[in-house]
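Peer 1: Pasting a predicted model and its sequence here:
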Amino acid sequence: MTEPDVPLLIHSLAEFRDLIFASLEAADARQVVEIGGEDGTFTRELVAWGRSRGAKVVCIDPSPRDSLEELARADESLSLVREPSVDALTSLAPCDAYLIDGDHNYFTVRKELQLIAAAAPEGRFPLVFLHDVGWPCGRRDQYYNPDLIPPEDRHEYTWDRGVVVGHPGVVEGGFRGEGAFAAAVREGGPRNGVLTAVEDFRRERPALSFHVVPAIFGLGVIFDPSRPFGERLEELLRPWSSDRLLQRLEENRLALYLAVLDLQDQLALVHGELGELRRTYASHQEVLRRAGEQALALRDAQVENRALWRRVDEADARELARSVAEVQQVPSDDPSGSGRRGLWQTLTARVSTP
């Protein structure tokens, strides 16, 4: 059985490529900004699309990965801005379209939208895509670098614990960054999450249209319906926006997603236990090896000891023989018998000595 080409846990903005490219073409976008390029997976496709349309792409990412750096060096139609989005957008000229997929928290997204709106000429609000307007970031902040968020706009967060659907707090396991990002410890409430940021932004600009494609963590699209491409975008997005079937499929996908994460966690525990068992087994094998070596050494010592005792016995036998011979050599006509008695006592002492 061959491995599937599609990753098991899909999450990328690239999954919306067909709808995004069709929308960009409807808006006749010539300058496109991508916020959050990561490893350049979608950036590469966006640049290829732009090259075919004569469009330029700007990617804003404060910590681009090597593959994105290589892409920027290889293709002059891509400009890579290595700054946080709120800094880069301040000095960037207005563009036709923006894809926001960077730091998924209320403060950053609200600020990005405000900067985009401020840069746009009067009556020319651009086409804006926002990833992660659904669960889990729609109503819960996520921070790649919490220090960049003002303390008054930053929720209490955790790097270690995760989130699950239907639980407003955090849990062991679940969906988590494992050191890559932190999550707010509570879901919901004011100024919390990407979707909340969009809603608050639109309250200041109620004329703007907003559509949500409820799949793969949610794609939001903001545009001005009064612009020439407004009607075409409405036609493109309306079949996808808030579709109940897509919502049910996303709910099912998230349940399976979290189930896979749980299985991966269990597998990691099993691997950890297996590793501990292997270390214990190796330790026991070492003890047995040393015991075997000691047993061999003991056997050799016993063999050597028996040989030594044989030599001692042989030496004692020779000594005894000499003593007997000495007794026998004492003259039998010794009137006092003192010589024979003295030798006999000496012989007796030698024999009784252990």
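Peer 2: Looks like it arrived, so ask away.
Peer 1: right, and Asn192 touches His155 too?
Peer 2: Yes: under the criterion of CB atoms under 8 Å, Asn192 lies in contact with His155, with a separation of 6.1 Å. For the C-beta atoms, the positions are set from N, CA and C on the backbone; glycine is no exception.
Peer 1: anything in contact with each of the two?
Peer 2: Counting by CB atoms under 8 Å, 6 or more residues apart in numbering, the shared contacts of Asn192 and His155 are 141, 184, 186.
Peer 1: Tell me the secondary structure at the last one.
Peer 2: Using DSSP: H, G, I helix; E, B strand; the rest coil, the three-state assignment for Arg186 comes out as coil.
Peer 1: any idea of the pLDDT on it?
Peer 2: We note a pLDDT of 98 for Arg186 in this prediction.
Peer 1: As a check, name the ranges of all strands in the stretch 1-150 of the chain.
Peer 2: Residue ranges of the strands in the stretch 1-150 of the chain, as given by DSSP state E, counting those that start in this stretch, are 31-35, 56-60, 78-81, 97-100, 127-131, 142-143.
Peer 1: Tell me the strands beside the last one, with direction?
Peer 2: Strands flanking strand 142-143 in the sheet, each with its direction: strand 182-184 (antiparallel) (DSSP bridges).
Peer 1: Dump the strands of the stretch 1-150 of the chain to TSV, plus distance to Glu25.
Peer 2: Shown next, in TSV, are those (distance: least, CB to CB, whole Å):
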stretch	distance to Glu25
strand 31-35	11
strand 56-60	14
strand 78-81	19
strand 97-100	10
strand 127-131	11
strand 142-143	31
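Peer 1: Pro151 is nearest to which of those strands?
Peer 2: The stretch from these with the least distance to Pro151 (CB to CB) is strand 142-143; that distance is 12.2 Å.
Peer 1: Of the shared contacts of Asn192 and His155, which is the most crowded?
Peer 2: Per-residue neighbour counts (other CB atoms under 10 Å) across these peak at Asp141, which has 31 neighbours.
Peer 1: For that one, which residues are in contact?
Peer 2: With CB under 8 Å, 6+ apart, Asp141 has these contacts: 104-107, 154-155, 157, 183-184, 192-193.
Peer 1: Ok, Val221 next?
Peer 2: Contact criterion CB under 8 Å, 6+ apart gives 23, 127-130, 209-213, 233, 237 as the residues in contact with Val221.
Peer 1: which stretches of the stretch 51-200 of the chain form helices?
Peer 2: 66-74, 85-91, 106-119, 194-204 (DSSP state H, counting those that start in this stretch).
Peer 1: and if you look at the stretch 201-350 of the chain?
Peer 2: All helices of the stretch 201-350 of the chain, identified by DSSP H, counting those that start in this stretch, fall at 230-237, 244-329, 338-352.
Peer 1: could I get these as JSON lines with distance to Val81 and mean neighbour count?
Peer 2: Output for those, formatted as JSON lines (distance: least, CB to CB, whole Å; neighbours: other CB atoms under 10 Å):
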{"stretch": "helix 230-237", "distance to Val81": "27", "mean neighbour count": "16"}
{"stretch": "helix 244-329", "distance to Val81": "32", "mean neighbour count": "11"}
{"stretch": "helix 338-352", "distance to Val81": "104", "mean neighbour count": "12"}
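Peer 1: Val128 - how many residues pack around it?
Peer 2: Every residue meeting other CB under 10 Å relative to Val128 is counted, giving 23.
Peer 1: Quickly list what the residue lying closest to it once chain neighbours are set aside is bridged to.
Peer 2: For Val128, ignoring the flanking residues on the chain, the nearest one in space by CB to CB, 6 or more residues apart in numbering is Ile222 at 4.4 Å. For Ile222, the beta-bridge partners are Val128, Phe210 (DSSP bridges).
Peer 1: What are the neighbouring residues in contact with Ile222?
Peer 2: With CB under 8 Å, 6+ apart, Ile222 has these contacts: 113, 125, 127-128, 130, 198, 202, 208-210.
Peer 1: Distance to Pro146 and pLDDT added to those, as JSON lines?
Peer 2: Below are those laid out as JSON lines (distance: CB to CB, whole Å; pLDDT from 0 to 100):
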{"residue": "Leu113", "distance to Pro146": "21", "pLDDT": "98"}
{"residue": "Phe125", "distance to Pro146": "31", "pLDDT": "97"}
{"residue": "Leu127", "distance to Pro146": "30", "pLDDT": "98"}
{"residue": "Val128", "distance to Pro146": "25", "pLDDT": "98"}
{"residue": "Leu130", "distance to Pro146": "21", "pLDDT": "98"}
{"residue": "Val198", "distance to Pro146": "21", "pLDDT": "98"}
{"residue": "Arg202", "distance to Pro146": "26", "pLDDT": "97"}
{"residue": "Leu208", "distance to Pro146": "30", "pLDDT": "97"}
{"residue": "Ser209", "distance to Pro146": "33", "pLDDT": "97"}
{"residue": "Phe210", "distance to Pro146": "28", "pLDDT": "97"}
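Peer 1: What subset of those is buried?
Peer 2: Members of the contacts of Ile222 that pass the buried threshold by neighbour count (16 or more other CB atoms under 10 Å) are listed as 113, 125, 127-128, 130, 198, 208-210.
Peer 1: Just the pLDDT at Glu15, thanks.
Peer 2: Per-residue confidence at Glu15 stands at 94 (pLDDT).
Peer 1: quick one, phi psi at the residue nearest to it when sequence neighbours are not counted?
Peer 2: With sequence-adjacent residues excluded and distances taken as CB to CB, 6+ apart, Glu15 is closest to Ile216, at 5.0 Å. Dihedral pair for Ile216: phi 50, psi 60, per degrees, to the nearest 10.
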